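Chemist: what shape does this take:
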Amino acid sequence: MATSPLDMGCMEPYQRLELLREKRGFSMAEVARRMGEPRSTVSLWFDGSLEPKLSQLPRLAKVLGTTVAEMVGEARPRESLTADQSAIMDLVEALNLPRQVIIGRLIGKSVKRSKESV
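Modeler: Next up, the predicted model:
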């Protein structure tokens, strides 16, 4: 099964946002308008100078036609998960969004550390 760079989480968050924005064919001004945010703020998100607030992620995902998990690089096709991984995902999905983001970041850091130690 082929996976995209978005699935692999190998991009920086701002690069992922830019790719998703381009995929939708939106200008930064259009994203800003749909978000109700100043264009100057939105442009900082897309150049990596500033990250959107947790409270803005669901709305940004909706504007970009994606999920928060895909935006932050935590998306992975369910069919590629083991039974244990799938059970963990069910538990994480039961959490509210800010807690899901925290768990995703902790897992990402843990994976990165384990790869560095090999």
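Chemist: so how far is stretch 54-61 off the chain centroid?
Modeler: 10 Å (C-alpha atoms, centre = their mean, to the nearest Å).
Chemist: and that stretch, what's buried?
Modeler: Neighbour-count burial for stretch 54-61 flags Q56, L57, L60, A61 (criterion: 16 or more other C-beta atoms under 10 Å). All C-beta atoms are positioned from the backbone trio N, CA, C, and that covers glycine.
Chemist: send the alpha carbons of that stretch over as PDB?
Modeler: Once side chains and other backbone atoms are set aside, the C-alpha atoms of stretch 54-61 remain, and they are given as PDB (Å, rounded to 0.1, in the frame of the first residue of the first chain):
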ATOM      1  CA  LEU A  54      -5.000  24.000  19.800                       C
ATOM      2  CA  SER A  55      -8.400  25.600  19.800                       C
ATOM      3  CA  GLN A  56      -7.900  26.600  16.100                       C
ATOM      4  CA  LEU A  57      -6.900  23.200  14.900                       C
ATOM      5  CA  PRO A  58     -10.400  21.700  14.300                       C
ATOM      6  CA  ARG A  59     -11.600  24.700  12.300                       C
ATOM      7  CA  LEU A  60      -8.300  24.800  10.300                       C
ATOM      8  CA  ALA A  61      -8.700  21.100   9.500                       C
END
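Chemist: so which elements touch the helix or strand containing I88?
Modeler: In this structure, I88 sits in helix 83-93 according to DSSP states H and E. Here helix 83-93 touches helix 97-116, going by 3 or more C-beta pairs under 8 Å, 6 or more residues apart in numbering; DSSP states H and E.
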